[in-house]
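Asker: Pasting a predicted model and its sequence here:
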Amino acid sequence: MTLSVRIDHLGSPQRTLLRDLHFNVPPGRILTLMGPSGCGKSSVLGAIAGTLSAVAEGAHALSFRGSVQLDGVDLHHLPTARRGIGLLFQDDLLFAHMSVAENLLFAVPPGERDLRRAQVVQALEEAGLPGYGDRDPATLSGGQRARVALMRALLARPRALLLDEPFGRLDATLRDQFRQFVFEHVRSRGIPVVLVTHDAADIADPALVVDLSTACTGHA
C-alpha cells in the first residue's frame with residue numbers, strides 16, 4: 001500500500017503556502033516532513049486526510065490542487081471517513097468520559113462483540129498495559145496515554161497513518177521510548193506513514209525526508 005501525494009497548489013485565495021510538492025511513501029516506511037513553523041506541514045496532512053476545509057486563513061478555508069492516492073486509487077474526492085487514513089496528534093485526545101477499554105473499543109470496526117473486545121485486550125497487551133481496560137484515562141501517565149492513543153488509531157485498521165508531532169509533549173526518555181514503539185508498530189503492519197516534526201531525532205529514514213523550505217512560498 002503506497003501513499004502518493006502531489007500538491008500543485010495549497011493555500012487560500014489570498015496566499016499560497018506550498019506549490020509543486022510531491023512524494024511517495026512505500027508500505028511500512030515513514031516519511032518525515034520538516035520545515036519552518038507556519039510553512040504548511042500540518043496543512044499537508046489535512047490535504048491527505050481530507051480535513052483541509054476545516055483549516056481557515058481569515059474567512060477562507062484552505063484548499064489544494066493535486067492528488068492523493070493509495071495504491072493508485074485517488075482519494076482526493078472521498079470524504080475523510082472513507083479514506084482509511086489514521087491520525088495521531090501531539091495531544092492524545094482520549095475521551096475523558098470513557099474508560100481506557102471504551103476508548104479503544106470506539107475505534108474497532110463493527111463486528112461480533114466478543115471478537116471486538118478480544119482486539120481491545122490484545123491492543124492493551126501490545127501497549128504493555130494489560131489489565132488497564134477499566135482505568136480512567138486521567139489516571140495514566142503521559143507515556144501510557146500516548147500508547148493508548150496509538151493503539152486506538154491502529155485498531156481502526158488505517159491504510160495509512162499521519163503523525164502530527166506526536167512526541168512533542170513527552171520528556172526526552174519517554175520520547176525515545178514512544179518513538180520506537182510507534183515505529184515498530186507501523187512497520188509491522190506495513191502501512192505508509194507521514195510524520196510531521198521539528199526534531200531531526202524523530203527521522204526514521206534519512207532517505208525519506210521532505211524539507212518544505214524549498215516548496216514553501218508563504219506563512220499562515
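Answerer: Nice, thanks for sending it over. Predicted model only: the values in this text are computed from it and were never measured.
Asker: make it CA atoms for all contacts and neighbour counts henceforth
Answerer: Will do.
Asker: distance of residue 146 from residue 189?
Answerer: Distance, residue 146 to residue 189, using CA to CA, to the nearest Å: 19 Å.
Asker: Comparing those two, which shows the higher neighbour count?
Answerer: The neighbour count for residue 146 versus residue 189, taken as other CA atoms under 10 Å, is higher for residue 146 (27 against 15).
Asker: Okay, and that one sits in which element?
Answerer: helix 142-155 (DSSP states H and E).
Asker: who does that helix touch, helix- and strand-wise?
Answerer: Packing partners of helix 142-155 (3 or more CA pairs under 8 Å, 6 or more residues apart in numbering; DSSP states H and E): strand 85-89, helix 100-107, helix 113-126, helix 172-189.
Asker: JSON lines for those, including distance to residue 29?
Answerer: What follows is those, written out as JSON lines (distance: least, CA to CA, whole Å):
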{"stretch": "strand 85-89", "distance to residue 29": "15"}
{"stretch": "helix 100-107", "distance to residue 29": "23"}
{"stretch": "helix 113-126", "distance to residue 29": "20"}
{"stretch": "helix 172-189", "distance to residue 29": "7"}
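Asker: Adding mean pLDDT and distance to residue 208, write those out as TSV.
Answerer: Putting the helices and strands packed on helix 142-155 into TSV (pLDDT from 0 to 100; distance: least, CA to CA, whole Å) gives the following:
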stretch	mean pLDDT	distance to residue 208
strand 85-89	90	19
helix 100-107	96	29
helix 113-126	95	27
helix 172-189	88	14
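Asker: Which one of the ones you listed lies nearest to residue 32?
Answerer: Ranking those by proximity to residue 32 (CA to CA) places helix 172-189 first, at 12.1 Å.
Asker: Which of the residues in that closest one are classified as buried?
Answerer: 174-175, 178-179, 182-183, 185-186 (16 or more other CA atoms under 10 Å).
Asker: I'd like to check what contacts that helix. Which residues are they?
Answerer: 27-30, 143, 146-147, 150, 167-168, 192-193, 202, 204 (CA atoms under 8 Å, 6 or more residues apart in numbering).
Asker: quick check, nearest of the buried residues of helix 172-189 to residue 128?
Answerer: Among the buried residues of helix 172-189, residue 178 lies closest to residue 128 (CA to CA), at 11.7 Å.
Asker: Next one, pLDDT for residue 34 please.
Answerer: Predicted confidence (pLDDT) for residue 34: 93.
Asker: can you check residue 52 too?
Answerer: In this prediction, residue 52 carries a pLDDT score of 81.
Asker: give the contact list for it.
Answerer: 43, 46, 61-63 are the contacts of residue 52 under CA under 8 Å, 6+ apart.
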